[in-house]
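Novice: sequence first, then the predicted structure, then my questions.
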Amino acid sequence: MRAGEAYAVPDGEPGAVHIRGTVHDGEGAPVPDALLELWQVSPRELFARCSCEPGEGDYEVVTLLPGDEAPWIDVSVFARGMLNRVVTRIYFAPDDVPGFVPPGRRATLIAHDDGDGYRFDIRLQGPTETVFFDV
Amino acid sequence: MASPSSYVREPDDGSQPPLDFPPYKSTALRHPNEPLVYLPHEVTEVTGPQLIGAEPSDLDADLTRQHDGEPIGERITISGRVLDTAGRPLGDTLIEVWQANSAGRYRHRQDNWPAPLDPNFSGAGRCLTDSDGRYSFTTVKPGPYPWGNHHNAWRPAHVHFSLLGQAFAQRLVTQMYFPGDPLFEFDPIFNSVRDPKARERMIAAFSMEDTQPDWAIAYDWDIVLRGPEATPFEEAH
């Protein structure tokens, strides 16, 4: 397993998908020291902790697509320059994003099928800043 | 026992640091500009992973016995209880710690200031609390560490603590400090906690009672995580 990869389920498990992304700072630069923790309860309880690829800010997690009972993944983001974690969610369908998320920002919570898995970038600050939650 | 339906929210009373804190320069580009969106607690917030990796062994909690020889430095124990805001102990909960060596040098590639590495010290430990919520680590006291935030910037000696808690909402990463450190007043990270009482709570207490003769100075430090908002509904028996 190379740096920047993490496994909630083994790669060969039926239904395993890859979720990849980059963590960006307020100038769009990658955050190479970001640490992500992903937690989902559907189709079963799954957890992955993922450091970004050193120097790149890229992460990759192998997991299962969340099922209908809770169709999202909770994500904690830690890094230098962050005095507390920020929390976001990865959704896979626009209709699943809760109504209380501001309309113009809902897209930042939706992962995109890029043909080889899903892409979910995290922008800590800036014009297309990811929605972060008060948990 | 069923999961609680929600956890208490952190009051905005200065006990938690802000994300935007200009004296800590790296926060400038890494803090969200937008206000956080209130998230009502659902199943993913009131449950959480209970273990990462293998179950910790006793050696995982002793940072002085992970190599062929013992590390240089003052052998100390750090012990305490993990509780929630309602005073309930959290048993069998995972604590991970990491720290610099006694010279203030971390064993990772980004740290290369001229302090010696210790071949007998890696600086990482983990344990599960017992059924009373008690934990204990044996280590060497870390040294202060220069970090380039501003001219002549030094972090006070500290140990990083990471706790899973029983739920995603309880997750906490924090730092423990040592009493009497002259660097507190100069440290932006320590002072990002605006409430003086909350800053005091980050400082461990020297314990003569737990200090072991001819062996190790003891520090005591209890950790309080957010508790459930209401008593969880017990399942009918």
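Specialist: Now that the structure is in, tell me what you want to look at.
Novice: residue nearest the centroid of chain B?
Specialist: B:F161 (2.1 Å; CA atoms, centre = their mean).
Novice: can I assume that residue sits in a strand?
Specialist: Yes. Assessed with DSSP: H, G, I helix; E, B strand; the rest coil, B:F161 lies in a strand.
Novice: got the contact list for it?
Specialist: Residues near B:F161 by CB atoms under 8 Å, 6 or more residues apart in numbering or on different chains: B:95-97, B:172-176, B:223. Where you see a C-beta, it was placed from the backbone N, CA and C, and this is true even at glycine.
Novice: next, B:R201: phi, psi?
Specialist: phi -70, psi -10 (degrees, to the nearest 10).
Novice: give me the neighbour count for residue 123.
Specialist: All of this refers to chain A. 18 (other CB atoms under 10 Å in any protein chain shown).
Novice: meant chain B actually
Specialist: B:G123, neighbours per other CB under 10 Å, totals 22.
Novice: so it makes contact with B:R107?
Specialist: Yes. With contacts counted by CB atoms under 8 Å, B:G123 reaches B:R107, the gap being 5.6 Å.
Novice: list the buried ones in stretch B:80-100?
Specialist: B:80-84, B:89-90, B:93-100 (16 or more other CB atoms under 10 Å in any protein chain shown).
Novice: cool, stretch B:170-178 as well?
Specialist: B:170-174, B:176-178.
Novice: quick one: pLDDT of the closest residue to A:A70 other than its chain neighbours?
Specialist: Once flanking residues are discounted, A:A70 sits nearest to A:S42: 4.3 Å by CB to CB, 6 or more residues apart in numbering or on different chains. Per-residue pLDDT puts A:S42 at 97.
Novice: tell me who's in contact with A:S42.
Specialist: By CB under 8 Å, 6+ apart, the residues touching A:S42 are A:66-71.
Novice: and for B:L29?
Specialist: B:L29 touches A:25-27, A:29, A:81, A:124-125, counting by CB under 8 Å, 6+ apart.
Novice: and what of B:N152?
Specialist: B:N152 sits next to B:P146 when contact means CB under 8 Å, 6+ apart.
Novice: tell me the SS of the residue nearest to A:A70?
Specialist: Judged by three-state DSSP, the three-state class of A:S42 is coil.
Novice: what do you get for A:A107?
Specialist: helix.
Novice: still on that earlier bit, of the contacts of A:S42, which is the most crowded?
Specialist: Going by other CB under 10 Å, A:P66 tops the contacts of A:S42 with 22 neighbours.
Novice: check it and give its pLDDT.
Specialist: 98.
Novice: how about low-confidence regions in chain B?
Specialist: In the predicted model of chain B, residues B:1, B:231-237 satisfy pLDDT under 70.
Novice: in it, which strand is the longest?
Specialist: strand B:75-84 (DSSP state E).
Novice: could I get the contacts of A:S42 as JSON lines with secondary structure and distance to B:T138?
Specialist: Formatted as JSON lines, these follow (DSSP: H, G, I helix; E, B strand; the rest coil; distance: CB to CB, whole Å):
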{"residue": "A:P66", "secondary structure": "coil", "distance to B:T138": "41"}
{"residue": "A:G67", "secondary structure": "coil", "distance to B:T138": "44"}
{"residue": "A:D68", "secondary structure": "coil", "distance to B:T138": "48"}
{"residue": "A:E69", "secondary structure": "coil", "distance to B:T138": "43"}
{"residue": "A:A70", "secondary structure": "coil", "distance to B:T138": "40"}
{"residue": "A:P71", "secondary structure": "coil", "distance to B:T138": "45"}
